Every structure is written in C-alpha cells, then in structure tokens.
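Undergrad: 3D, please:
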Amino acid sequence: MEQVEICGVVEPGRQLGRALGFPTANLALPAECQVLDGVYRSEVTIEGEAHCYRAMSNVGCNPSVGGAERRLESHLFDFEGELYGRRICVRLLERIREERHFDSLEALQAQLERDKKELLKL
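TA: Sure, this is the predicted structure:
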C-alpha cells in the first residue's frame, strides 16, 4: 500500500471512542480520498509539535454504532490531552483489517483491544 497522509483540523465526534477507552481525533475525509475503509497502523503529527505519535486509525462510517458519514478517526498511543481545533496530519502506513459491523459495543471494544495489541507489537 502506498502511504497516504491526510491533514485537517480535529472535529468533535460523538465521544463514543472515549467511552470505550479509545478516544479518537476525528477528521473529515476529503471528497477525493480513495483510501479503502478499514483499520490502519498510522502515525500522527500535531501542528507545532516535533513528536510523531504511533496510532491506530479507522477510515469508514462506523457501522457498529449507526454512523453514516465517512471519516477518519485516530487513536494516538501515549497521548493525553485535547486535540479539538488543532491541526494534525495522519499518515496511514498499513491496513490491518477491513471495517466491519459488530453486534455489541463489548465485541467492538474487544476487537479494538486486539488491534491495539497487534499494532504495538509492530
């Protein structure tokens, strides 16, 4: 996969990721973005900071929670703080799985834990 970088200003979401233990920085996807939906190993830089954060990102509509708008959500490992209104750049490095529907929030949370564990090994 060719690496793709998407930059934008972090928008408020429904804060469901936060409730699941995986707070995310949400970006609108440009209309011309041709990236496949799914979960990605990624890196995030925050404007004004030199540090690059390892991250887990999802491209898609969040079918498990009734989402309709296609967007990019990134959970930054080892980051604490607020990103709303700040400009970030997300570099999608590798797609690890497709986006899919889960029957419960517990099943989604368990999969996110497995995804995180896999990504932190890389």
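
Undergrad: in what helix or strand does the residue lying closest to Leu122 once chain neighbours are set aside lie?
TA: Once flanking residues are discounted, Leu122 sits nearest to Arg41: 6.2 Å by CB to CB, 6 or more residues apart in numbering. C-beta coordinates here come from the backbone N, C-alpha and C atoms, glycine included. Using DSSP states H and E, the element containing Arg41 is strand 38-46.

Undergrad: so what strands line up beside whichever helix or strand comes after that strand?
TA: Using DSSP H and E, the helix or strand that follows strand 38-46 in sequence is strand 52-60. Here strand 52-60 is paired, per DSSP bridges, with strand 38-46 (antiparallel), strand 71-76 (antiparallel).

Undergrad: Could you identify which of these is most buried?
TA: strand 71-76 (a mean of 23; mean count of other CB atoms under 10 Å).

Undergrad: Wait, Pro30 touches Glu5, no?
TA: No: Pro30 sits out of contact with Glu5 when judged by CB atoms under 8 Å, with a separation of 11.3 Å.

Undergrad: now the strands: where do they sit in this protein?
TA: With DSSP state E as the criterion, the chain has strands at 4-9, 25-28, 38-46, 52-60, 71-76, 87-97.

Undergrad: Now tabulate the ones you listed in a markdown table and tack on distance to Lys116.
TA: What follows is the strands of the chain, written out as a markdown table (distance: least, CB to CB, whole Å):
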| stretch | distance to Lys116 |
| --- | --- |
| strand 4-9 | 21 |
| strand 25-28 | 16 |
| strand 38-46 | 10 |
| strand 52-60 | 6 |
| strand 71-76 | 8 |
| strand 87-97 | 11 |
